[in-house]
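K.L.:
Here you go, sequence then predicted model.
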Amino acid sequence: MTLAQGPATRQGAATQPRFGPAVVPSLGRWGLSAHADLAYRTLALLGPGTSRLLARHLGVEVVRISRALDELAAVGAVRIRVQGRSRYWHAVAADQVLSVLQQRRAPQPWSEQLRRHVAAVSSLHLERIPTAAVCRLPTRPAARTRIAELVAAERCEHLAINTEDVISADAAAAAAPLDRSLLSRGVRMRMLGLTPRNGSHGKRLPTGADYREAASLPLKLMVFDRRAALLPADPANFEAGAVLLTDPDAVGHLTQLFYKIWSTARDPYQHEVPTIMLSAREQAIVSRLSAGHSEAAAAAELGLSRRTVVYTLRALMDRLGVDNRFQLALVLGAARAVPLPDVCPSTTRNTQES
């Protein structure tokens, strides 16, 4: 039974739409809104529906659902079909949606990377910087040694831009102890990276560091306490060492460049499905309801009053920021807090009923 059969539901026909076994990906990691993610998840799990049916099932205003559907249509996640005087939205298969989204950031041509690097460096007007404020570090080991010295002296802020799609194991091993040292001293770390082409966020970030992503970045960079800045001598070959700048104007310019990008970059974890920890009572109640028990049956089996079951569910919905039992099932299922449940649209009524 699908959302498209909503009219039959209104006439009293029994329906038991079921969550399918396939995992529905979270589209929030690609920058889509929470309502778009919720609408796609509902269509993918329960089948086609109109914007009004979706709004009724989710307990969300129709105007918000309409915007969410437009957002999904723009990235090819849904398609629309006209049946009579109604328009029904269909979810595109998850693998097809991910295939499209993965192309949203194709590998940046090397020529474009070089152009961006040159443009950023040219804006520094290195010819005007005093010779004493420019230091050439001829090899990668020499650059790493100097970085370690600068990190040891930092007290306030460490900024970094990484332009690599993949950080090598060698580079990660060299950076890890320095990152831990900074954070242990209370130094604020802010890091910018490229949006992954595959949509995953498997990067191992130091706990306590702030991290954001952008579709393109101008150059690889480190800024130490806004007093020194380091960038590759050759963006095509990190083994060629680095250039260290201590000129206040140049360092200030690079700091402003960092924060200009930071202001528009996105936190990749902002829309991720959070880990949800349920209490023993919440787990027991939700598990039984998801298995098809009524509130009264669940209460009797657990030795609780029906009112206790209702209040526990209401408190859980308030904690997770959802408005009805249908949304609760989607959120818990997405977070794998409970097995994906069977959900009946009629359960979307307010659980404060006695």
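P.N.:
Ah, there it is. Residues are numbered from 1 along each chain as shown.
K.L.:
Okay, helices next: where are they in the stretch 201-350 of the chain?
P.N.:
Taking DSSP state H, counting those that start in this stretch as the criterion, the stretch 201-350 of the chain carries its helices at 248-264, 280-290, 295-302, 306-320, 325-334.
K.L.:
any idea of the mean pLDDT for the shortest one?
P.N.:
Read it as helix 295-302. In this model, helix 295-302 has an average pLDDT of 90.
K.L.:
Now do that helix against helix 306-320, angle only.
P.N.:
Inter-element angle recorded for helix 295-302 and helix 306-320: 100 degrees (by axes from the mean of the first three to the mean of the last three C-alpha atoms, to 10 degrees).
K.L.:
Now do helix 295-302: which elements does it pack against?
P.N.:
helix 280-290, helix 306-320 (3 or more C-beta pairs under 8 Å, 6 or more residues apart in numbering; DSSP states H and E). The way it works is simple: take the backbone N, C-alpha and C, and place the C-beta from them, glycine included.
K.L.:
what's the angle from that helix to helix 280-290?
P.N.:
Going by the same axes, to 10 degrees, helix 295-302 makes 130 degrees with helix 280-290.
K.L.:
What of the fourth one?
P.N.:
Relative orientation of helix 306-320 and helix 280-290, computed by the same axes, to 10 degrees: 100 degrees.
K.L.:
average pLDDT across helix 306-320?
P.N.:
Averaging pLDDT residue by residue across helix 306-320 gives 84.
K.L.:
Mind listing what's buried along it?
P.N.:
Judged by neighbour count using 16 or more other C-beta atoms under 10 Å, the buried positions of helix 306-320 are 309-310, 312-313, 316-317.
K.L.:
remind me which residues of the stretch 1-150 of the chain are low pLDDT?
P.N.:
Applying pLDDT under 70 to the stretch 1-150 of the chain flags residues 1-25, 28-31, 102-114.
K.L.:
Helices of the stretch 1-150 of the chain, residue ranges please.
P.N.:
Under DSSP H, counting those that start in this stretch, the stretch 1-150 of the chain gives helices at 6-10, 34-46, 51-58, 62-74, 94-101, 110-122, 140-153.
K.L.:
So which of the buried residues of helix 306-320 is the closest to Gly186?
P.N.:
Leu316 (36.5 Å; C-beta to C-beta).
K.L.:
List the contacts of the closest one.
P.N.:
If you count contacts by C-beta atoms under 8 Å, 6 or more residues apart in numbering, Leu316 has them with 278, 282, 286, 328.
K.L.:
would you turn these into a markdown table with pLDDT and distance to Phe258?
P.N.:
Shown next, in a markdown table, are the contacts of Leu316 (pLDDT from 0 to 100; distance: C-beta to C-beta, whole Å):
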| residue | pLDDT | distance to Phe258 |
| --- | --- | --- |
| Leu278 | 79 | 41 |
| Glu282 | 86 | 43 |
| Val286 | 84 | 45 |
| Leu328 | 76 | 41 |
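K.L.:
Mind picking the one among the residues you listed that's closest to Ala36?
P.N.:
Among these, and counting by C-beta to C-beta, the member closest to Ala36 is Leu328, at 19.1 Å.
K.L.:
OK, contacts around the closest one?
P.N.:
Here Leu328 is in contact with 286, 313, 316-317, 320, 322 (criterion: C-beta under 8 Å, 6+ apart).
K.L.:
Kindly indicate which of those lies nearest Leu54.
P.N.:
Val322 (15.1 Å).
K.L.:
Dump the buried residues of helix 306-320 to CSV, plus distance to Leu45.
P.N.:
Below are those laid out as CSV (distance: C-beta to C-beta, whole Å):
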residue, distance to Leu45
Val309, 25
Val310, 25
Thr312, 25
Leu313, 20
Leu316, 20
Met317, 19
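K.L.:
Looking at these, which one is closest to Val62?
P.N.:
Of the buried residues of helix 306-320, the one sitting nearest to Val62 (C-beta to C-beta) turns out to be Met317, at 21.4 Å.
K.L.:
Thought Ala39 was touching Arg67, still the case?
P.N.:
No: counting by C-beta atoms under 8 Å, Arg67 does not reach Ala39; the two are 9.6 Å apart.
K.L.:
which of these two has more neighbours?
P.N.:
Regarding Arg67 and Ala39, a neighbour count based on other C-beta atoms under 10 Å identifies Ala39 as having more, with 32 against 16.
K.L.:
Isn't the more buried one up against Val62?
P.N.:
No: in this structure, Ala39 is not within contact of Val62 by C-beta under 8 Å, at 11.5 Å.
K.L.:
For the nearest residue in space to Ala242 that is not next to it in sequence, give me its contacts.
P.N.:
With sequence-adjacent residues excluded and distances taken as C-beta to C-beta, 6 or more residues apart in numbering, Ala242 is closest to Ala143, at 4.0 Å. Ala143 makes contact with 137, 230, 241-242, according to C-beta under 8 Å, 6+ apart.
K.L.:
possible to save the residues you listed as TSV with neighbour count and distance to Tyr259?
P.N.:
Below are these laid out as TSV (neighbours: other C-beta atoms under 10 Å; distance: C-beta to C-beta, whole Å):
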residue	neighbour count	distance to Tyr259
Leu137	20	25
Leu230	22	17
Gly241	20	26
Ala242	24	22
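K.L.:
what would those residues look like in JSON lines with distance to Leu150?
P.N.:
Shown next, in JSON lines, are the contacts of Ala143 (distance: C-beta to C-beta, whole Å):
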{"residue": "Leu137", "distance to Leu150": "11"}
{"residue": "Leu230", "distance to Leu150": "8"}
{"residue": "Gly241", "distance to Leu150": "15"}
{"residue": "Ala242", "distance to Leu150": "11"}
